[in-house]
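**Q** structure for this input, please:
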Amino acid sequence: MEILIITGPPYSGKGTQCKILNSELDFKHISTGDRCRLEKKNGTEIGKIMSQYEEKGDLVPDGIMKDLFSKILDENKDNKGIILDGYPRTIPQVNDLLELVESKGMKIGKVLNIEVPVSELLKRAAKRAETSNRKDDKNPKIHTKRIDVFEASTRPAIDYMKTKIKVITFDGLGTIEEITKRIKAAL
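**A** Model (predicted):
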């Protein structure tokens with residue numbers, strides 16, 4: 001099984017692009033956020049722990065995410081491939097994922113990194129808040145905090161990934177179709 005990682009700041013359009021790639025590549029889209037919400041909705045032990053962090057806009061601790069991703073990889077081992085959306089987000093998570101992938105005989109194909117200026121991210125966050133039924137999307141302070149957490153934790157993880165895996169960075173401004181075209185060219 002091959003793993004494709006889509007990364008970038010919150011509100012950069014990762015989920016939208018993953019859904020498009022899901023249908024075109026026949027890879028299963030694994031949204032960390034969706035999976036975490038499912039764990040919380042189902043009242044699993046991991047879900048209860050995650051709730052404490054995510055509702056404040058904080059990252060879930062690395063060890064909990066490693067356990068969850070080990071489970072996700074096992075559940076999807078018979079798929080052609082998966083698209084990871086929202087993981088890894090920290091340097092320890094990069095190392096955890098590399099370790100999990102190697103131990104399970106899988107491989108990471110590419111990492112696609114979407115770059116979007118903060119001013120545009122905040123506009124997209126406000127727009128999503130208008131249409132989303134998610135409680136966490138309604139609070140503008142959480143929008144800013146998520147971006148700050150990304151810059152402090154995930155941006156260094158992306159830089160670190162560049163030393164371990166092929167990372168392709170591209171411009172995330174424009175229409176959904178324009179961004180999709182850039183992603184396809186990168187693939």
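
**Q** Ile83: how many residues sit nearby?
**A** 23 (other Cβ atoms under 10 Å). Placement of C-beta: from N, CA and C, glycine included.

**Q** dump the residue contacts of it.
**A** Going by Cβ atoms under 8 Å, 6 or more residues apart in numbering, Ile83 touches Ile3, Leu4, Ile5, Ile6, Cys18, Leu21, Asn22, Leu25, Phe27, Lys28, His29, Ile30.

**Q** which one of these sits closest to Gly109?
**A** Checking these against Gly109 with Cβ to Cβ, the nearest one is Leu4 at 5.3 Å.

**Q** my guess is that closest one contacts Asp85, does it?
**A** No. In this structure Leu4 lies outside contact range of Asp85 using Cβ atoms under 8 Å: 9.6 Å.

**Q** going along the chain, name the helices of the chain.
**A** Assigned by DSSP state H, the helices in the chain fall at 14-25, 32-41, 45-54, 62-75, 91-103, 118-131, 140-149, 155-161, 176-186.

**Q** to Val167, which of those helices lies closest?
**A** Proximity to Val167, assessed across these by Cβ to Cβ, is greatest for helix 155-161 (5.4 Å).

**Q** and the average pLDDT for that closest one is what?
**A** The average pLDDT within helix 155-161 is 96.

**Q** I'd like to know which elements that helix is packed against.
**A** If contacts are counted by 3 or more Cβ pairs under 8 Å, 6 or more residues apart in numbering; DSSP states H and E, helix 155-161 sits against strand 2-7, helix 91-103, strand 107-115.
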